[in-house]
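Student: Build me a model:
(2 chains, ligands or ions: 2)
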Amino acid sequence: MAIKRGRGVAAINYPTGMNLGGDPTQALVHSTPTGNFMVTLSSVDLGQGMKQIMAQICAETIGVPTDRVVVDTADTDTGPHCMGTFASRGTHRAGNAVIQAAKEARQVMLEVAAEELEVNASDLETDGLGNILVKGAPQKAISIFDVALSAHFKRGRSISGRGMFLIPRSYPEKETGAMKPSTCYAHACTVAEVEVDDETGEVTVLTVKNVFEIGRALNPKMVEQQLVGGSWMGISHALYETTEPYYPNRDHGGTDFNQYLMPGPGDLAETEIIVLERPSADGPYGAKGPGEMCANPQIPAVANAVFDAVGVRIDTLPITPERILRALRAQAAT
Amino acid sequence: MAKVPVQFTLNGSETAEFIDSGSTLLHALRDKIGDTSPKGGCHQGTCGACSVIIDGELRLSCLTLAENCNGTAITTTSGLSEGGVLHPLQRAFLDAFASQCGFCTPGMIMAAKVLLDHTPNPSRDEVVQALSGNICRCTGYEPIIQAVLLAARANSQNAA
Ligand code: FES
Ligand code: FES
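Tutor: Ligands and ions are numbered 1, 2, ... in the order given. Model prediction:
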């Protein structure tokens, strides 16, 4: 009877979005009379940072500071249609829709500015600080504040845009079964080191080293936050979480969060996160969906590490002490 | 059912309310008084989201009868900032990106405040211990632990 060490590795491809009946998200963008911009969405910010990212994307596209953009989310009575914030699709799908809407709004904004400055709209550029300048002659400029006032009160223009991003449904080819069920793959690889007590079946995760390839990190601190929390959740899925702890019969299952186990602040593995940025071709400013995949590779990595430590393959989650002990007993019997 | 009066100091202000006998402090704070900073996660003492400070001690408001709080001084997270300036712990939670959905955050901050009030320079283990009654689904805890250590450092620098 001993405590044994093992190391496991796993790598994943993770798709963005889904392929049920097509995967659409819409966005609307309009300016206020003072040249702030409102993004209207039905996508939900549940802490993953949707509002911040959509504000950044809109601001970048229109050419204003991020704090000039307000994002209104999650009223499906009044907002444009979104399939929802799941399948790691929020940044990619809604982001693309926001870019399209913001481009249209930007075009109107430049047309109004062109009328005010008596130049061609194609000769104008934004400085990212809230001003529109004539290319090559930056002394000839107008603030977006004044452009919006002019559009609203003088020229009768609506500085606004519509955005729609749709991944159409992919059907399998009859002959080959080939299809394209998802787009824009993110990637991850995890190496986990564990100790397994072959007397009690207990697993301690010592270290988790993760590499995530997520397209471009539009907000690096928020990406890191997501990945650190996700890596913890992957360990939680691997070793703890189930609504049916340890027994086949539902009657013995957990009934509340007292019995739904998760690692606490005292159970943290030493965690390392490395982000690789390879901008995606069809993502908003190169982004992919890092959302759910950040909690995936730890699970097979831990299962492989347990195998490396004590030689048993656990193929049912979570990898509980009981399952390990049963497997060890079965192994000893053969 | 007959209502009973309760009276306590909430974040420095005298507060009085009529409540149903037997209702929890969490219910009184959120649904009667309108301080929604304590969150109702499990309503059975498991998650820590409802944590408040009563007479200097960390308490689970979901397991505390409101009528037992007569004459006490209660602090919630909504009472921490002063004149629009965030409390050092709130500042540190922001700076350390220690909040995602934010549901656990008020409870975490309450637990951390009681820790720092008694132990201004805690070790990492002491922080972990202090937060062990609070569940977070999003952050993986490490950013929260770092935020509390950051607030402790900021406090000791200010004191120096
Ligand atoms: S709501 Fe009080 S501990 Fe969960
Ligand atoms: S930030 Fe979501 S539960 Fe802690």
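Student: The nearest residue to residue A:66 once chain neighbours are set aside: neighbour count?
Tutor: Here the nearest residue to residue A:66 in space, its sequence neighbours aside, is residue A:59; by C-beta to C-beta, 6 or more residues apart in numbering or on different chains that works out to 4.3 Å. For glycine as for every other residue, the C-beta is placed from the backbone atoms N, C-alpha and C. By the criterion of other C-beta atoms under 10 Å in any protein chain shown, residue A:59 has 19 neighbours.
Student: To which secondary structure element type does residue A:59 belong?
Tutor: helix (DSSP: H, G, I helix; E, B strand; the rest coil).
Student: Can you give me the distance of it to ligand 1?
Tutor: 38 Å (C-beta to the nearest ligand atom, to the nearest Å).
Student: Could you list the low-pLDDT ranges of the chain?
Tutor: You didn't pick a chain, so chain A it is. A:74, A:245-248 (pLDDT under 70).
Student: That was the other one, I meant chain B.
Tutor: B:160.
Student: tell me the contacts of the residue most central in space within chain B?
Tutor: Computing the C-alpha centroid of chain B and ranking residues by C-alpha atoms, centre = their mean puts residue B:110 first, at 2.9 Å. Going by C-beta atoms under 8 Å, 6 or more residues apart in numbering or on different chains, residue B:110 touches B:51-53, B:58, B:75-77.
Student: Please repeat the previous calculation with a cut-off of 6 Å.
Tutor: Listed by C-beta atoms under 6 Å, 6 or more residues apart in numbering or on different chains, the contact set of residue B:110 reads B:51, B:53.
Student: picking up where we left off before, quick check: the residue nearest to residue A:66 touching residue A:67?
Tutor: No. Look at residue A:59 against residue A:67 with C-beta atoms under 6 Å: they stay out of range, at 8.2 Å.
Student: what's around residue A:174, how many residues?
Tutor: The number of residues packed near residue A:174 is 7, by other C-beta under 10 Å.
Student: where's it, which helix or strand?
Tutor: Taking DSSP states H and E as the definition, residue A:174 sits outside all helices and strands.
Student: Ramachandran angles for it?
Tutor: Torsion angles at residue A:174 (phi, psi; degrees, to the nearest 10) stand at phi -60, psi -40.
Student: ok, it to residue B:33 distance?
Tutor: Here the criterion is C-beta to C-beta, to the nearest Å. By it, residue A:174 lies 65 Å from residue B:33.
Student: likewise residue A:63?
Tutor: For residue A:63, the distance to residue B:33 (C-beta to C-beta) stands at 46 Å.
Student: For the residue lying closest to residue A:204 once chain neighbours are set aside, name its beta-bridge partners.
Tutor: Leaving aside its chain neighbours, residue A:204 sits nearest to residue A:195 (4.6 Å; criterion: C-beta to C-beta, 6+ apart). Beta-bridge pairing of residue A:195 under DSSP bridges involves residue A:5, residue A:204.
Student: isn't residue A:195 right up against residue A:2?
Tutor: No. Using C-beta under 6 Å, residue A:195 is not in contact with residue A:2; the gap is 10.0 Å.
Student: These two - which one has more neighbours?
Tutor: residue A:195 (15 against 9).
Student: Contact partners for that one?
Tutor: Taking C-beta under 6 Å, 6+ apart, we find residue A:195 in contact with A:3, A:5, A:204.
Student: what's the spacing between the last one and residue B:141?
Tutor: Distance of residue A:204 to residue B:141, computed by C-beta to C-beta: 16 Å.
Student: ok, those two, which is more surrounded?
Tutor: Neighbours of residue A:204 and residue B:141, each counted by other C-beta under 10 Å, are more numerous for residue B:141; the result is 27 against 14.
Student: can you give me the helices in the stretch 51-200 of chain A?
Tutor: A:95-117, A:144-153 (DSSP state H, counting those that start in this stretch).
Student: And for chain B?
Tutor: B:25-27, B:88-95, B:105-118, B:124-131, B:142-159 (DSSP state H).
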